[in-house]
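Asks: predicted coordinates and the sequence they were generated for:
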Amino acid sequence: MSSYAETLAENVEEQSEEPTQRETPEESDSVDELTLVEAICDGLHTEMSQDERVMMLGEDIGRNGGVFRATDALYEEFGDDRVVDTPLAESGIIGASIGLALSGMRPVGEIQFMGFLYPGFDQLVSHASRLRSRTHGQLNLPMVVRMPYGGGIRAPEHHSESKEAFFVHEPGLKVVTPSTPYDAKGLLTAAIRDPDPVMFLEPKLIYRAFREEVPERSYEIDLGEAAVRREGTDISVFTWGAMTRPSLIAAEELAEEGIDCEVVDLRSLSPLDFDTIIDSFEKTGRGAIVHEAPKTGGLGAEIAATIQEEALMYQEAPIKRIAGYDAHIPLHALEDYYLPQAVRIQDGIREAMAF
Amino acid sequence: MMHAQSGIYEQDEHDRLRILDADGTVHPDATVPDLSEEELLAMYEALVLARRFDQRAISLQRQGRIATYAPMTGQEGSQVATSYALDEQDWLFPTYRDHAAKHVHGMELSSLLGPLRGYRQGYAIPDDVNVMPEYIPIATQIPQAMGMAWGYKLQDQTDRAVLCHFGDGATSEGDFHEGLNFAGVFDVPVVFVCNNNQWAISTPRERQTASDTLAGKADAYGVESIRVDGLDPLAVYQATRAAVRKAKEPGPGEGRPTLIESIQYRFGAHTTSDDPSVYRSEEEPAYYRDRDPVDRLRNFLENEGILTDERQEAIESRADQRIENAIEEAEALEADPDDIFEHVYSETPDRLTAQRDDLRELREKYGDEAFSEVLE
């Protein structure tokens, strides 16, 4: 879709490694040190090898291997019946995926950037999300729609959106986003095997930000389960995707000030893991939510409202939302001001602590 | 070519496949499809049933026994014929107007009335039936039908085709173009049937496109097309049957997908909520009523000596009985409020279960009658 895509891929450069807490692969596993985008490619490869119903369709995903190389070398291995370069048509990709799933295939569609999804939005919300419900469970759609999302890579306009709230608001869709290479493969595997349509949102800011050990074997991370990335006692920080890293960095720096943050990576945005959210909040009594999307109507509002409903008596301070502003994400000269960086996250957490 | 007046443009009738002339005589040089007397009678009976069902449904809506209904009078000939041209294993993607097409391909009459009474049981697909629930947004079914056909081809299920209905208005939507384009590129076994009934609610055919024909749009996508007299059930059958065969077994140099422009006319309103006298003349429907698909097949069958008065009476009374039975079944449907919360996901999330329980508690507390009280 984008003539900028090639240069953008280069912008997603490897960044200095920041260790993140994660589940440790079993020792007997053969592992590779992979970036998040490599782990996605590995996950696609593993599933396609094991299940011949799995196929991919999208723009520039075949010979080109995807503008971010998320489908690198898959075309060569699986051929153009299973790694399909489609015409340039997002509604066609998603509409075709619905039909392919109905025929017994397990399609994984790629939308090149979230900002170009909208022609296919009708297919998602008018059909993909509700066919199970309409037919009272007779028909279901095991399909995945993958797309890179989020800002921070100096991309042109329309290449930096975080519109996860659109999908979370729609019953019948599942929405997941990984924040580590290990999770990327495990969540993607679970998404492909899931009987429902899953939106798989890829935080492109951290596509190549760091490496971690990823098992060669296939494994699933259950959809609907959040991960506590850092345990703490003073305040719960709820976040996901690319905002997990700056939240963890902020937490480490605040620890030096004596503020002990718990950082919860939601991973699954629909369904949300309310149990983990409430458990964490009841422990700390204070909360902050960090997301890139505009504050108003963002997922942070849902989390804060749920805490009000279910854990009011534990609450010691107003819940702080550290989010994108209620304006369009600016061109990249100003995007550092718009996106929650560690400085804003720390400031917000200090404010919640000071109440 | 100038198209001064809507619909009248379509009166140039030499550009389309026709087998029966308006009076039911076989068109010069045309060959009647190879159908047995029984098959012809069955097709006719389905037409009579469709016409009477339509009249009955409109009256049910007037009585407040069903909600908004999209009538099909004038279009049932094409609907019945396209479904007759399918094999049992083929899938049908219908719109909200394709009641007769759905019924002929296996859906019970009562299930057609279910959603109109607000019960989603009508969307249920019986085990041996391949009919998708009706599509209400315009043109969205086109890439999906294409995708299903593509999937069958990829899985080497070459005995399956997919038939997708839509109207003239749908050809202006992006999904029409995306679906046909994919169908051409991936050469998939799909038959697109454009039911050109001249009107998209109040918007006439010539306001949809400056193209001379809707079939012609297929050329842009490397998809073969044919125009057919949609008021002639035998012509529609022949064209569709050929397209279904070609989808499964294309000859040398042939593509699998086909666009059929079935030229029809919507005799009545868009829906029971619409008043066509606001936007079109009375002469226009009169012109097409003289070419009525039901009368046309009836005259043909009478001329051939296949249809007697006795048979006609039997067909009509069977149709009426079936319609009454269907209404009775549809009016006996019940809905459980718990239904709202089921089958949204493969496993119901805890929060949704809690919401179901909330509603149960409220019903317990206030009674079901309270939910339909109008507060003033």
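Replies: Perfect, thanks for sending it.
Asks: and residue 142, what does it touch?
Replies: You didn't pick a chain, so chain A it is. A:101, A:106, A:192-197 (C-beta atoms under 8 Å, 6 or more residues apart in numbering or on different chains). Yep, even glycine has a C-beta here, placed from its N, CA and C like the rest.
Asks: my question was about chain B, not that one.
Replies: Contacts of B:Ile142 by C-beta under 8 Å, 6+ apart are A:95, B:164, B:166, B:170, B:175-176, B:178-180, B:192.
Asks: what's the following helix or strand after the helix or strand harbouring B:Cys194?
Replies: Following DSSP states H and E, one finds B:Cys194 within strand B:190-196. Note on strand B:190-196: by DSSP H and E, the next helix or strand toward the C-terminus is strand B:199-200.
Asks: which SS class is B:Val188?
Replies: coil (DSSP: H, G, I helix; E, B strand; the rest coil).
Asks: count of residues packed around the nearest residue to B:Gln157 once chain neighbours are set aside?
Replies: Closest residue to B:Gln157 apart from its sequence neighbours, by C-beta to C-beta, 6 or more residues apart in numbering or on different chains: A:Ser103 at 7.9 Å. The number of residues packed near A:Ser103 is 22, by other C-beta atoms under 10 Å in any protein chain shown.
Asks: now B:Ala319, nearest residue through space, not along the chain?
Replies: B:Leu49 is the one closest to B:Ala319 (C-beta to C-beta, 6+ apart), at 4.2 Å.
Asks: what about the one you found, is that helix, strand or coil?
Replies: With three-state DSSP as the basis, B:Leu49 sits in helix.
Asks: quick one, what contacts it?
Replies: Per C-beta under 8 Å, 6+ apart, neighbours of B:Leu49: B:100, B:103, B:109, B:318-319, B:322-323.
Asks: on the pLDDT front, check it for me.
Replies: pLDDT for B:Leu49: 98.
Asks: in chain A, spot the strand with the most residues.
Replies: strand A:287-294 (DSSP state E).
Asks: tell me the gap between the helix or strand that that one is followed by and the middle of its chain.
Replies: Following strand A:287-294 in sequence order, the next helix or strand is helix A:299-311 (DSSP H and E). Helix A:299-311 sits 20 Å away from the centroid of its parent chain (C-alpha atoms, centre = their mean, to the nearest Å).
Asks: now swap in stretch A:63-83 and tell me
Replies: In this view, stretch A:63-83 has its centroid 21 Å away from the chain centroid, taken as C-alpha atoms, centre = their mean.
Asks: would it count as contacting chain B?
Replies: Yes - looking at stretch A:63-83 against chain B by C-beta under 8 Å from any C-beta of the partner chain, the contacts come from A:Asp81.
Asks: that stretch - what's its average pLDDT?
Replies: Stretch A:63-83 comes out with an average pLDDT of 96.
Asks: what does stretch A:175-182 give?
Replies: Stretch A:175-182 comes out with an average pLDDT of 98.
Asks: quote the end-to-end distance of it.
Replies: End-to-end span of stretch A:175-182 (C-alpha to C-alpha, to the nearest Å): 18 Å.
Asks: now the contacts of B:Leu49 in CSV, with neighbour count, secondary structure and pLDDT?
Replies: Output for the contacts of B:Leu49, formatted as CSV (neighbours: other C-beta atoms under 10 Å in any protein chain shown; DSSP: H, G, I helix; E, B strand; the rest coil; pLDDT from 0 to 100):
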residue, neighbour count, secondary structure, pLDDT
B:Ala100, 27, helix, 98
B:His103, 25, helix, 98
B:Leu109, 21, helix, 96
B:Arg318, 13, helix, 98
B:Ala319, 21, helix, 98
B:Arg322, 18, helix, 98
B:Ile323, 20, helix, 98
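Asks: from those, pick the one nearest chain A.
Replies: Taking C-beta to the nearest C-beta as the measure, chain A sits nearest to B:His103 out of the contacts of B:Leu49, at 18.1 Å.
Asks: roughly how far apart are the closest residue to the closest one other than its chain neighbours and B:Glu328?
Replies: Leaving aside its sequence neighbours, B:His103 sits nearest to B:Leu109 (C-beta to C-beta, 6+ apart; 6.0 Å). Per C-beta to C-beta, to the nearest Å, B:Leu109 is found 11 Å from B:Glu328.
Asks: for the residue nearest to the spatial centre of chain A, what are its contacts?
Replies: Here the mean C-alpha position of chain A is nearest to the C-alpha of A:Thr177 (C-alpha atoms, centre = their mean), at a distance of 1.8 Å. A:Thr177 sits next to A:149, A:164, A:200-203, A:240-241, A:267, A:269 when contact means C-beta under 8 Å, 6+ apart.
Asks: picking that back up, what's the farthest-apart pair in the contacts of B:Leu49?
Replies: Distance extremes for the contacts of B:Leu49: the farthest pair is B:Ala100 and B:Arg318 at 15.6 Å, using C-beta to C-beta.
Asks: surely B:Thr82 meets B:His165?
Replies: Yes - between B:Thr82 and B:His165 there is a contact under C-beta atoms under 8 Å: 7.5 Å.
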